[in-house]
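> Predicted model follows, preceded by the sequence.
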Amino acid sequence: MDRREFLALLAKAGVVASLSGCSSLAGSRPEDLYRLPKFGSARLLHITDTHAQLEPVYFREPSVNLGIGPAKGQLPHRVGKNLLAVLPAMSPRLEHAYTCLDFTEAAERFGRVGGFSHLATLVAQLRDEAGGALLLDGGDTWQGSGTALWTRGQDMVGACNRLGVDVMTGHWEFTYLADEVLANVAGFSGEFVAQNILATEEALFEGVDVYDEDTGHVFKPYTMKTLNGRRIAVIGQAFPYTPIANPGRFIPDWTFGIREAELSELVETIRRSERPDAVILLSHNGMDVDLKLASRVTGIDAILGGHTHDGVPVPVEVRNASGTTLVTNAGSNGKFVGVLDLEFGANGVSGYQYRLLPVFANLLEPDGDMQAYIDAVRKPYLEQLGEELAVTDSLLYRRGNFNGTFDQVICDALRERMDAEISLSPGFRWGTSVLPGDVVTMERVLDQTCMTYPETYVRDMKGAELKTILESVADNLFTPDPYYQQGGDMVRTGGLDYVCYPWHDFGSRVTELRLKDGTPIMPDKVYRVAGWATVGSASDGPPVWDVVADYLRDHERVSVDSLDTPLIKGLNNNPGMVA
Amino acid sequence: MTMKRSRRWFLRAAVTAAALVTLPVRVLARATAAFKAKDTDSLMRELFGDMPIEASDAITLKVPDIAENGAVVPVTVSTDIEGVQQICVVVDNNPNPLSAIFNLSEHCVADVSTRIKIGDSSITRALVKTSDRVYMTMKEVKVTIGGCGG
C-alpha cells in the first residue's frame, strides 16, 4: 500500500478531521509542535509504558517490527521510511520521533525525550488549552528503573499523583507482590481499573479481598468521568497474559485473560445503564490484540492502547458490526503523549482529532514541583545510579523483534561472566538507548534489567530444548492470530545463530541452529546456557545487572560490531523491516 | 441485581452440591472405555457411534486462549440447545483426549464447569449430545513456556 492509497483509505473511513490536523502537527517550527488547533469538546490525554523513566532519555524506535499474515504492512508493522511513506509529510524532528532513521545524528540534534517534569508541563498546557482533560495511563508505569524497583513502585505512584493521572490500568505493576500492588493502588490518587482481572475461584473460596464479591473483580472494571458536561466511561483492560509472561507466583490469587465476551457484555451494560457520551477502553492488550478486539466488540469509541510500545502517529479506524472503533498506541518511555479530542453529536461521538505528541525535553520547561519531587526520590540512590561503568563506541538500544545492541552486551556479559557457550535474554520492549561516545552508567544498565525476578542461571540444556524455547517464543510473537500473541519480542541470543522463518507454523520457524563458530547444534548434545528472568521459579544466580555491570567495569569500553540476530528468510520487502 | 448471589456464595454452594452427585454403574462402565481412547477419532466412535456430529454456534465454550497453568485450565460449556443429555470436553493432543463427561437429567441446566489438564497446545472441543444428534464447537488453547512479555 503506498501513501496515496493509505490516505484514501483513511479518508474513506472518515478520518478527515485528523488528517488535516496531522498536517498541522508537521509544522516546521518547534514552537508550533504543542499548539493544537481547537477541536471538539472533550480532551483525553494518554500516556503508556513510561517504564518509570522519571528523567528524559533517548529511545530509538525499532528497525524491525514484522507484521505476519494479514498484519503485513499494516500499522503498527511499518518502520523507518516505510512508516513515513504512509503518513503526511512532516518535519525532520517528527520523523526522528517516530522512526529509527539516522538515530544517533538526529538524537544529538533534537535531544532527549520524556521525563516526568517535562511531561508535567506539557500535560498542564494541554489541559489548559482544552479547559480540562482526562489523563489516562495505560500502565507499565511503576516498573523499569532502579528507583522504581527499590521503592517497589512507590516513587512512580507519587509521580503519577503529582502528574494528575485520572485513570490507569496495568501490567508490570503486577510484578510486585500482591500486597504491594494493592498498597500502591491504594496510594494512587486516580482510579485503577481492570475488567479482566478476577480472583481465582480457590482464592474467592478462601476469602481473598476483592473489589466486587458478586463478580470476583479484583479491581474496579470501569469508571465514569464527567468532562465539560460529557460523560465518559473508561474501562480498564490490563495485560491479559500477565501470569504467563511474568511470574504468576507474585500474584497467585488473580487470573487474567482477554475476556472478550465479558468486555462485550460490560460495554452493553454501560451503554444501557450509564448513558455515556463516549466509551473508552484503556488497554494494555498490545496493538494487534486491540485491532482484533475492535473488529469483534461493538460499542467502544476508542481503544487507547499500549504494551507493544508502538508509537503510531495516526489512529487506526476499525469497522465492526455496529460502527467504528479507533485504535491507538502511544509508544513508551515517556516519549509521547496521545491527545484525543472528541466532538459529540446527537448519537454520541461524531468526530475526533488525534495527535501523538513527542515529548522533547529541550522544548518544554521542566515543572518545578515535579522536578523537586524527582530529585528527592533519586537523592538516596544517586551514587549507585551514577556509577560510570564503561564508555560505548556503539549506539546501544534494545527495541526491535530481534537482538538490539544493548541485548548483545547483556548476552556477551552472560556468556563471559558465567562461562557459558550460549546465552538467552528476554525480548522485553523496555530499556532506553545510549549514544555512541557516552558513558554507560549503572542507571542505563538498570533501565534494561530492572525488575523483580532478575536472577541469573547457568545450566546444561540439550539442543532440542534450546530449539523448543526459541520456537515457543517465536510463536508468541509471530503466530498470526493476535489473541495468541503475548506482545514481547523474540528472545535474544548470544553465541547462537539460526535461521528464522517468521511466517511458518509452530515448530518450523527456527532452523539451522549453530554455535558462533558454525558448528551445528545437535538435538541430543548438551550445551552450557546462561540466562535470566525465569518465570516459573526464581533462579539462584546473581541479579543480571550485577553480571552486566561487572562485565562493563572489566571492559571499560564496549563496541558492538555484529549482532547475533537470526538470518530471516522469505520476508521479501516486508515494510516492518528497514532495508 | 438485588437477587443476585455472590460468586463466593455460589462456589460454596457448588461444593456442597457436588458431594451429593452419584453416578449409575452402567454409565461409569461406558465412560471408562472412552476415557482410555488414545485419539479423538476413536473417542468419537466410542462415545457416539454413528450419530452425526455437526458444528454449532449454539454452544459456548469458555476456555482461555493461552492457559495460565496447563495443569489446571478452567473450562465452561453452556448451550441453549433443547434436550441435552450429555456434555463432553475433549482435548485432541492429550494422551487420552477425553477430559470430562457430564450426564444431564432433563431437570438440569446445560451449563457445566470444571478444570482440565492440557499438556501441549491443542484444539479443545465441547460436544453436546441430544437424543438424535451431537453438536460440537472447538477452540485452540495454547500452552506456552511463557516469559519475555513486553
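Yep, that arrived.

> how about stretch A:32-41: buried residues?
The neighbour-count check on stretch A:32-41 (16 or more other CB atoms under 10 Å in any protein chain shown) flags A:33, A:34, A:36, A:39, A:40, A:41 as buried. C-betas here are computed from N, CA, C, even on glycine.

> Any chance you could list what contacts that stretch?
A:17, A:21, A:24-25, A:27, A:93-94, A:122, A:125-126, A:129, A:228-230, A:339, A:341-344, A:351-353, A:355, A:357-358, A:360, A:363-364 (CB atoms under 8 Å, 6 or more residues apart in numbering or on different chains).

> Now do it: distance from first to last residue.
End-to-end distance for stretch A:32-41: 21 Å, by CA to CA, to the nearest Å.

> How about stretch A:480-498?
Terminal-residue distance, stretch A:480-498 (CA to CA): 21 Å.

> from the middle of its chain, how far away would it be?
15 Å (CA atoms, centre = their mean, to the nearest Å).

> Name the residues of that stretch that are buried.
A:482-498.

> try stretch A:153-171
In stretch A:153-171, counting by 16+ other CB under 10 Å, buried: A:153-160, A:162-171.

> Give me the subset of these that lies in strands.
Among those, the residues falling in strands (DSSP state E) are A:167, A:168.

> Of the buried residues of stretch A:153-171, which fall within the contact range of chain B?
When contact is defined as CB under 8 Å from any CB of the partner chain, the buried residues of stretch A:153-171 meet chain B at residue A:171.

> mind showing which ranges of chain B have poor pLDDT?
B:1-30, B:147-150 (pLDDT under 70).

> Now do the helices in it.
B:7-20, B:25-36, B:40-48 (DSSP state H).

> Repeat that for the stretch 401-550 of chain A.
Taking DSSP state H, counting those that start in this stretch as the criterion, the stretch 401-550 of chain A carries its helices at A:405-418, A:442-449, A:463-478, A:544-555.

> Just give me the lowest mean pLDDT stretch among these.
Note on the helices of the stretch 401-550 of chain A: helix A:463-478 shows the lowest mean pLDDT, a mean of 95.

> Only alpha carbons, please: show it as CSV.
The C-alpha trace of helix A:463-478 is given here as CSV (Å, rounded to 0.1, in the frame of the first residue of the first chain):
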residue,chain,number,x,y,z
GLY,A,463,20.0,-28.7,21.7
ALA,A,464,16.4,-29.9,21.4
GLU,A,465,15.4,-27.9,24.5
LEU,A,466,17.0,-24.7,23.0
LYS,A,467,15.0,-25.2,19.8
THR,A,468,11.8,-25.6,21.8
ILE,A,469,12.4,-22.4,23.7
LEU,A,470,13.1,-20.5,20.5
GLU,A,471,10.1,-22.0,18.8
SER,A,472,7.8,-21.2,21.7
VAL,A,473,8.8,-17.6,21.9
ALA,A,474,8.7,-17.2,18.2
ASP,A,475,5.1,-18.5,18.3
ASN,A,476,4.2,-15.9,20.9
LEU,A,477,5.5,-13.2,18.6
PHE,A,478,4.6,-14.4,15.1
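
> tell me what that helix is packed against?
strand A:496-500, strand A:510-515, strand A:526-532 (3 or more CB pairs under 8 Å, 6 or more residues apart in numbering or on different chains; DSSP states H and E).

> related to what we said a few turns ago, ok, and which of the buried residues of stretch A:480-498 reach chain B?
Answer for the buried residues of stretch A:480-498 near chain B (CB under 8 Å from any CB): A:483, A:484, A:486, A:487, A:488, A:489, A:491.

> Domain parsing of chain A, as residue ranges.
A:3-57+A:112-374, A:387-568 (automatic domain parsing).

> For stretch A:558-570, give me every contacting residue.
A:66, A:390-394, A:396, A:402-405, A:408-409, A:411, A:440, A:490, A:492-503, A:510, A:516, A:552, A:577.

> Would you agree residue A:261 falls within a helix?
Yes. With DSSP: H, G, I helix; E, B strand; the rest coil as the criterion, residue A:261 is located in a helix.

> Could I get the full set of helices for the stretch 151-300 of chain A?
A:154-163, A:178-187, A:201-206, A:242-245, A:260-273, A:287-296.

> And the residue nearest the centre of chain B?
residue B:89 (2.9 Å; CA atoms, centre = their mean).

> quick one: contacts for that residue?
By CB under 8 Å, 6+ apart, the neighbours of residue B:89 are B:75, B:77, B:98, B:99, B:100, B:114, B:116, B:124, B:125, B:126, B:127.

> Make a PyMOL selection of whichever of the residues you listed turn out to be buried.
To isolate the buried subset of those in PyMOL, counting by 16+ other CB under 10 Å, use the following:
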select buried, chain B and resi 75+77+98+99+100+116+124+125+126+127
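
> Closest to residue B:54 out of the contacts of residue B:89?
The closest of the contacts of residue B:89 to residue B:54 turns out to be residue B:127 (CB to CB; 10.5 Å).

> Apart from its chain neighbours, what residue comes closest to the closest one?
residue B:88 (4.3 Å; CB to CB, 6 or more residues apart in numbering or on different chains).

> Tell me the spacing between the residue nearest to the centre of chain B and residue B:43.
The gap separating residue B:89 from residue B:43 is 11 Å, by CB to CB, to the nearest Å.

> got it, and residue A:501?
34 Å.

> out of those two, which sits in the busier spot?
For residue A:501 versus residue B:43, the count of surrounding residues by other CB atoms under 10 Å in any protein chain shown is larger for residue B:43: 23 against 18.

> So what's the residue count around the nearest residue to that one once chain neighbours are set aside?
Nearest residue to residue B:43, sequence neighbours excluded (CB to CB, 6+ apart): residue B:37, at 3.8 Å. Counted with other CB under 10 Å, the neighbours of residue B:37 add up to 18.

> My read is that residue B:37 contacts residue B:46, right?
Yes. Contact criterion CB atoms under 8 Å: residue B:37 and residue B:46 qualify, at 5.3 Å.

> Packing partners of the helix or strand hosting residue A:126?
Assigned by DSSP states H and E, residue A:126 belongs to helix A:116-130. For helix A:116-130, the elements it packs on are strand A:42-47, helix A:154-163, strand A:336-345, helix A:368-378, judged by 3+ CB pairs under 8 Å, 6+ apart.
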